[in-house]
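In: after the sequence you'll find the predicted model.
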Amino acid sequence: MNAETRQQVRENAQYLRNVRPLDPEEIHEYVEGQPHPAVVRQILREEAVELGIVERDDGTFVPAPEGPLSVPFHGVERFPDEYDERLDEILAEAYGDDWARGESGDRLRERIRAFKEQYLRQDQVKYDELTAHGYAIYHLPGYYATAQYVLGGLIADGLLPNQLRVLDVGAGVGGPALALLDLLPDDALLDYHAVEPSAAADVLAELLDDPGANVSVTVHRERAEEFDLDGVVAEGGPFDLVLFSNVLNELGDPSAVVERYLGGLADDGTLVALEPADRNTALGLREVERAVADDGPATVYAPTVRLWPHQSPTSESWSFDRKPDIEVTPTQRRLDAAGGDDGEFVNVDVQYAYSVLRLDGGRAIEMTPDRGTHAPMADAESYVTDRVNLVAIKLSHDLSEEGSNSLYLLGDGSQQVDHFAVVTDPSLLNDDLRQAGYGDLLSIQNALVLWNDDEEAYNVVVDGETTVDRAR
């Protein structure tokens, strides 16, 4: 197809898009040379993002819906079979049908052991083809589930539009990309850009080879620090969603990188950073969050909302969410069984630290406490041994060991030292603390605040005189 044909199809589509559905069978008659309707259809698919149109099941095109996405989300039980089967095909193409056994299976298992150990030592991982394949087997399902939970929350809050432009920085083997595709309804329009310089991009490209109608995929094989953000924004506009998934810990200066990418965000856009739920990466995430939110241009939308104006936290405990385990994938089971069937290569955990940032000042919890009613955690030293009222965000699941008092990390955005709710007398009056979800706002009435010298933290004692209510 030549440029003149493309231009004529675009002009006809622009003229007719708000008049009636765009039918390639009709439009081809208006184009010089009357190209085949299939050619017209392909041009419309390629130009869908620019034209703001989506393809329907009957083969016609209509304007993409306006407004925020609205789709149901009920959690993740398993990594979709179609993706796991495609991964199995990728592995078979690289190593043969019996890829989990023999030399190839041994190499994959050894590589997974190696990058897990490198990760624990905080060493740099180099992503060659073997590493990318091992990473996909071991991490892709969990990262898919993590992204679905976080993105599903953004959709529930109305933060993602139906016409969605996404930049996935450090896209890896495609967990977040696949998660996003599966969340979108058929009439949504997605312009997806991935930044991934390593061999992981080969797996990503294969998994996204056929993303379906109304989806445009562009893979930029550049390092995050070198990617031409300004040029891509100038060409296609700012992004509604910028995503950093499990990549900040691999950057030399993650705060500077995140701040630069905030510059490519739409005024009402969202930046999401995800990291594994271990101490080093989760604390590193909070350092980046504080650099770009407390000392930079962004606002923390969730989960560590700054409730008190002009206050910033400096506490040191890491905060992460935890969801139900997903099912073991066939590829994981196959590799594990060939290596002894001891579960070493099975990864079903869904645990992650995350930060959601905005440029418009929006917060998931639009509440400002009153000092006349509630005590800020920043002033904890002045009310130790007193009973006080607090507003707090629940920032952990139960951290207690079996047989001990339930223990939860709390925050209000002002805390200089860690605060832990210790439930010494569970009752219906304080059961909202147990039932509340991660990131929920709590009103805690008449709690005793004590200093825990062993942990160098404050204990917010929830006893028979304390009531706890969910405030959102």
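Out: Yep, that arrived. Numbers count the residues shown, from 1 in each chain.

In: what about Ser245, distance to Ser216?
Out: 20 Å (C-beta to C-beta, to the nearest Å). (Each C-beta comes from the backbone N, C-alpha and C, glycine too.)

In: got a pLDDT number for the residue positioned nearest the centre of the chain?
Out: The C-alpha lying nearest the average C-alpha coordinate of the chain belongs to Ala147 (C-alpha atoms, centre = their mean; 4.1 Å). At Ala147, the model reports a pLDDT of 98.

In: picking up where we left off before, who's more crowded, Ser245 and Ser216?
Out: Higher neighbour count among Ser245 and Ser216: Ser245, with 24 against 18, using other C-beta atoms under 10 Å.

In: show me what contacts that one?
Out: Contacts for Ser245 (C-beta atoms under 8 Å, 6 or more residues apart in numbering) come out as 143, 146-147, 168, 170-172, 175-176, 272-274.

In: which residue sits closest to Thr146, ignoring its sequence neighbours?
Out: Tyr352 (4.5 Å; C-beta to C-beta, 6 or more residues apart in numbering).

In: and if you look at Ser427?
Out: Once flanking residues are discounted, Ser427 sits nearest to Gly464: 6.7 Å by C-beta to C-beta, 6+ apart.

In: swap in Arg334?
Out: Nearest to Arg334 is Ala100, by C-beta to C-beta, 6+ apart, at 4.5 Å.

In: how does this structure divide up, domain by domain?
Out: Split into domains by automatic domain parsing, the chain comes to 3-63, 81-358, 377-470.

In: so where is the protein shaky, pLDDT-wise?
Out: Flagging of the chain using pLDDT under 70 yields the residue ranges 1, 472.

In: can you map out the helices along it?
Out: Taking DSSP state H as the test, the helices found in the chain are 3-16, 24-27, 37-46, 48-51, 81-95, 102-120, 129-156, 175-183, 200-207, 229-236, 254-262, 279-289, 330-338, 431-435.

In: among the ones you listed, which comes closest to Thr424?
Out: Nearest to Thr424 among those is helix 431-435; the distance by C-beta to C-beta comes to 11.9 Å.

In: would you mind listing the buried residues in the closest one?
Out: Using 16 or more other C-beta atoms under 10 Å as the test for burial, helix 431-435 gives 432-433.

In: and it, what other elements does it pack with?
Out: Contacts defined by 3 or more C-beta pairs under 8 Å, 6 or more residues apart in numbering; DSSP states H and E place helix 431-435 against strand 406-411, strand 419-423, strand 441-452, strand 467-470.

In: could I get those strands as TSV with distance to Arg78?
Out: Below are those laid out as TSV (distance: least, C-beta to C-beta, whole Å):
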stretch	distance to Arg78
strand 406-411	29
strand 419-423	34
strand 441-452	32
strand 467-470	30
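
In: which one of the ones you listed lies closest to Asn430?
Out: For the helices and strands packed on helix 431-435, proximity to Asn430 was assessed by C-beta to C-beta; strand 467-470 is nearest, at 4.2 Å.

In: hmm, back to that, measure the residue nearest to Arg334 to Leu207 for me?
Out: Applying C-beta to C-beta to Ala100 and Leu207 gives a distance of 19 Å.

In: these two: which has the busier surroundings?
Out: Remark: of Ala100 and Leu207, Ala100 carries more neighbours, 25 against 22, as counted by other C-beta under 10 Å.

In: which residues touch the more buried one?
Out: So Ala100 contacts 91, 108, 334-335, 337-338 (C-beta under 8 Å, 6+ apart).

In: what about 10 Å?
Out: 88, 91-92, 106, 108-109, 137, 331-339, 345 (C-beta atoms under 10 Å, 6 or more residues apart in numbering).

In: that one and Glu327, how far apart?
Out: From Ala100 to Glu327 the distance is 18 Å (C-beta to C-beta).

In: circling back to that earlier point, now the buried members of the contacts of Ala100.
Out: 88, 91, 108-109, 137, 331-336, 338-339, 345.
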